[in-house]
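Engineer: how does the following fold in three dimensions:
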Amino acid sequence: MKEGRTLGLRIIICVLCGLPTSCAIFRGEGTFPGTPETPKEVSLSELSQYYTERTNGLITYDSRSSEDADTTMKFVWDPYYKQRIFPLSRLDIDVLQELFELDEESFVSQSGERDFLTAVYQYYLKRPFDRKRQTFERPYRYLSVWGSLFFPPIKRLTQPLSFYHSRFSSDVDASTVRSRYFDPEFQKQLDQETQTELTYGNTLRALFNGLESYPEKQRLTSEARKFLYVAMMTIVADSTGRVLVRNMVNAKRAGVDVRLITEGLYAFSISNYSIGVLEREGIPVVRVDDKSLSQLDRVFHNKIWIRDGEEAILGGMNVLDYENNSDGFNFLNRDTDILVQGPAVTSLLESFIKLWKKYDDDNRPIALGEYTLATRLAAERAAGVRGSENYARWLGNPDTRMQGICRTAIQGNNAEPQKIVMLLLRYLEAAQHSFYLTNPEIEFDLDRKIEYQDLFAQLMKDKVADPHFYLAYITNGFDGGLGESSIFIRSRVNDAKLVGERFWEDMLTPLIDEKGREVNRRVRNSIHPLIQAGVHGFQYFNYMHAKEFFFDRLLVGIGSWNFDGYSANNNHESAIFCLDEQLRLQMERQMVLDMINSVPIVR
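Structural biologist: Residues are numbered from 1 along each chain as shown. Model prediction:
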């Protein structure tokens, strides 16, 4: 009771003095247990007491989530950056992240703000920003596995979504919403502009990170009985990649028609071993190389898996450990795929066949795929789940307008003909209330306004001119660094620690921080004009590789499209956009989870 009264008195004094309420929440006085200059070993109990005292009980040891933790473990602050705390023994990241927990309700209550995101925003707004290190200063040392967050990462949403994000205080009733997304003429216009079409009755499930996507890819490659068609930028023969390659080989030996379309440059570099294995087994591989002297960076950036014409996976994940082993919190790629069943799979099959026939220099027939395509197209049109003549019936009925109505877009060389950025522009033009997106890139020039990515950025700026329109952009920051490159260096440092190679640890640790600073500075500078206009920017505490688009809490897009000139104007890319109730509910929770585990860009 005394501690509660003391805390309440501090808050009252802060308010009366005109100071931010958050000054009472985190004390920040004192030093890490031990002397301030010598990295003395500290026990878990000492560390627990340290956080309890420094945060007024907001961050405490979580005995429930860390039952397997060794209570005798020791910690020491990082000699390279003394604000960070490391364990002395090699421990799993998830165990370390769950040692402590934030009292979310008390944090919001003591902040005096309306929701968690606003409380976090105000916290960072009051904290000094170290421009040299490109990080916010914190009132206490933090575990390295927290990344740039000032609290342990929140892995589960235990409160209603409105507690975290007040914009979600009321649900969306798609049966009563008036939206252009449900306008048949608007959708027919998109048909003409992008050479795509809607399909109805698809079953959809977002696959967040390799934790969810990799098992489904294992299943697809194991269950294929007729054909397995893969369009993939890279297939690396690391531990998880070898499993998928082995499954593809086994499918081929069982008589399945297995094919791969891949990026030509990577076929001779990081994918070389995998492709060699596939081709030696008689699996035909097509290498796509659309580069020219003026477009040396153009790539085949698709990530598509099609099994028997019955189900497919597409999205942002390549085949490598950094994707397949990720849970979104373990400092590997935070990414998203989507599992599709229904007529949208037929659209993907049609696109794959077109790519195969265009780029296969050996003109190898793909008869089984073509037969399946013709059969399914005819059956779907007869069933009324495909064809613009059905749009009014699907979209006009409140009971069907959110039941798996999807549009796939597989853009080719020079981003034609199914230009994804055109869909993004039209969907954002039609949005009335909000737009959320995750993307690893942010590249535009508002003064130029001639490239599609410039027009998209300008439209975002125009949208937030309406103070009632909410736009959130979740991208990379200090913790993500250079993506897979930083992840590789980080793993090399961990290996060096295991064998006591201080040379590599001393050389590479500062390099990781340097790259993180470079990325953080570049992202903040790039997005600054949009932040100034009113866009809400968030930098995720892992590498954000997901490409998700969420319009008006109704329309969900998932794909491989990055917010840069290459994806907008040159690359082969893939995406799917769906009106589906279950998918939108999935996306709501994931967007909130990503935002609360990000550092907001406050200035």
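Engineer: where do the helices of the stretch 301-450 of the chain begin and end?
Structural biologist: 321-324, 343-359, 367-383, 391-396, 420-430 (DSSP state H, counting those that start in this stretch).
Engineer: ah, wrong one, I meant the stretch 501-603 of the chain
Structural biologist: With DSSP H, counting those that start in this stretch as the criterion, the stretch 501-603 of the chain has helices at 502-533, 565-569, 581-596.
Engineer: tell me which residues in the longest one are buried?
Structural biologist: Meaning helix 502-533. By neighbour count with 16 or more other C-beta atoms under 10 Å, helix 502-533 contains the buried residues 505, 508-509, 512-513, 515-517, 519-520, 523-524, 526-527, 529-531, 533. Yep, even glycine has a C-beta here, placed from its N, CA and C like the rest.
Engineer: same question for stretch 567-581.
Structural biologist: 567-580.
Engineer: just the CA trace of it, in PDB.
Structural biologist: The C-alpha trace of stretch 567-581 is given here as PDB (Å, rounded to 0.1, in the frame of the first residue of the first chain):
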ATOM      1  CA  SER A 567       9.200  -4.000 -57.500                       C
ATOM      2  CA  ALA A 568       7.000  -1.200 -58.800                       C
ATOM      3  CA  ASN A 569       8.500  -1.000 -62.300                       C
ATOM      4  CA  ASN A 570      10.700  -4.000 -63.100                       C
ATOM      5  CA  ASN A 571      10.700  -7.100 -61.100                       C
ATOM      6  CA  HIS A 572       8.700 -10.300 -61.400                       C
ATOM      7  CA  GLU A 573       6.400 -10.200 -58.300                       C
ATOM      8  CA  SER A 574       3.400 -12.000 -56.900                       C
ATOM      9  CA  ALA A 575       0.500 -11.000 -54.700                       C
ATOM     10  CA  ILE A 576      -3.000 -11.900 -53.700                       C
ATOM     11  CA  PHE A 577      -5.700  -9.500 -52.500                       C
ATOM     12  CA  CYS A 578      -8.800 -11.000 -50.700                       C
ATOM     13  CA  LEU A 579     -12.000 -10.000 -49.100                       C
ATOM     14  CA  ASP A 580     -12.400 -12.700 -46.500                       C
ATOM     15  CA  GLU A 581     -13.700 -12.500 -42.900                       C
END
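Engineer: from the chain's centroid, how far away is it?
Structural biologist: 15 Å (C-alpha atoms, centre = their mean, to the nearest Å).
Engineer: same question, stretch 372-392
Structural biologist: Offset of stretch 372-392 from its chain centre (C-alpha atoms, centre = their mean): 33 Å.
Engineer: residues making contact with that stretch?
Structural biologist: Applying C-beta atoms under 8 Å, 6 or more residues apart in numbering, the external contacts of stretch 372-392 come out as 184, 187-188, 191, 197-201, 226-227, 308-309, 342-343, 346, 349-350, 353, 393.
Engineer: switch to 7 Å and redo it
Structural biologist: Under the contact criterion C-beta atoms under 7 Å, 6 or more residues apart in numbering, stretch 372-392 has outside partners 184, 187-188, 191, 197-201, 309, 343, 346, 349-350, 353.
Engineer: for the residues you listed, pick the one with the most neighbours.
Structural biologist: Leu198 (28 neighbours; other C-beta atoms under 10 Å).
Engineer: and that residue, what pLDDT?
Structural biologist: Looking at Leu198, its pLDDT reads 98.
Engineer: tell me which stretches of the stretch 101-250 of the chain form helices.
Structural biologist: Under DSSP H, counting those that start in this stretch, the stretch 101-250 of the chain gives helices at 104-111, 116-126, 161-164, 184-194, 209-223, 239-253.
Engineer: adding mean pLDDT and distance to Gln590 as columns, could you present the ones you listed in JSON lines?
Structural biologist: Shown next, in JSON lines, are those (pLDDT from 0 to 100; distance: least, C-beta to C-beta, whole Å):
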{"stretch": "helix 104-111", "mean pLDDT": "97", "distance to Gln590": "18"}
{"stretch": "helix 116-126", "mean pLDDT": "96", "distance to Gln590": "15"}
{"stretch": "helix 161-164", "mean pLDDT": "98", "distance to Gln590": "11"}
{"stretch": "helix 184-194", "mean pLDDT": "98", "distance to Gln590": "25"}
{"stretch": "helix 209-223", "mean pLDDT": "98", "distance to Gln590": "10"}
{"stretch": "helix 239-253", "mean pLDDT": "98", "distance to Gln590": "22"}
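Engineer: quick check: which of the helices of the stretch 301-450 of the chain is buried the most?
Structural biologist: Of all the helices of the stretch 301-450 of the chain, helix 321-324 has the most neighbours on average by mean count of other C-beta atoms under 10 Å, namely a mean of 24.
Engineer: for that one, what is the distance to the chain centroid?
Structural biologist: 13 Å.
Engineer: for the nearest residue to Pro510 once chain neighbours are set aside, grab the count of nearby residues.
Structural biologist: Nearest residue to Pro510, sequence neighbours excluded (C-beta to C-beta, 6 or more residues apart in numbering): Tyr80, at 6.0 Å. Taking other C-beta under 10 Å as the neighbour definition, Tyr80 ends up with a count of 13.
Engineer: and Tyr80, that's in a helix?
Structural biologist: No - per DSSP: H, G, I helix; E, B strand; the rest coil, Tyr80 lies outside any helix segment and is coil.
Engineer: measure it to Glu505 for me?
Structural biologist: Distance, Tyr80 to Glu505, using C-beta to C-beta, to the nearest Å: 9 Å.
Engineer: Asp321 contacts Arg242, doesn't it?
Structural biologist: No - if you go by C-beta atoms under 7 Å, Asp321 and Arg242 don't touch, sitting 10.1 Å apart.
Engineer: average pLDDT for stretch 399-413?
Structural biologist: The average pLDDT within stretch 399-413 is 97.
Engineer: for stretch 317-330, same thing?
Structural biologist: The average pLDDT within stretch 317-330 is 97.
Engineer: span of it from start to end?
Structural biologist: In stretch 317-330, first residue to last residue: 16 Å (C-alpha to C-alpha, to the nearest Å).
Engineer: and if you look at stretch 285-298?
Structural biologist: 19 Å.
Engineer: what's the answer for stretch 213-233, then?
Structural biologist: The first residue of stretch 213-233 is 17 Å away from its last residue (C-alpha to C-alpha).
Engineer: report the buried residues of that stretch.
Structural biologist: Buried positions in stretch 213-233, judged by neighbour count with 16+ other C-beta under 10 Å: 213-214, 216-217, 220-222, 224, 226-233.
Engineer: which pair of these spans the longest distance?
Structural biologist: Using C-beta to C-beta, these reach their maximum pairwise distance at Lys226 and Met233, which is 24.9 Å.
Engineer: what's the pLDDT at the closest residue to Glu193 other than its chain neighbours?
Structural biologist: In this structure, Glu193 finds its nearest non-sequential neighbour in Met422, 5.6 Å apart by C-beta to C-beta, 6+ apart. As predicted, Met422 sits at a pLDDT of 98.
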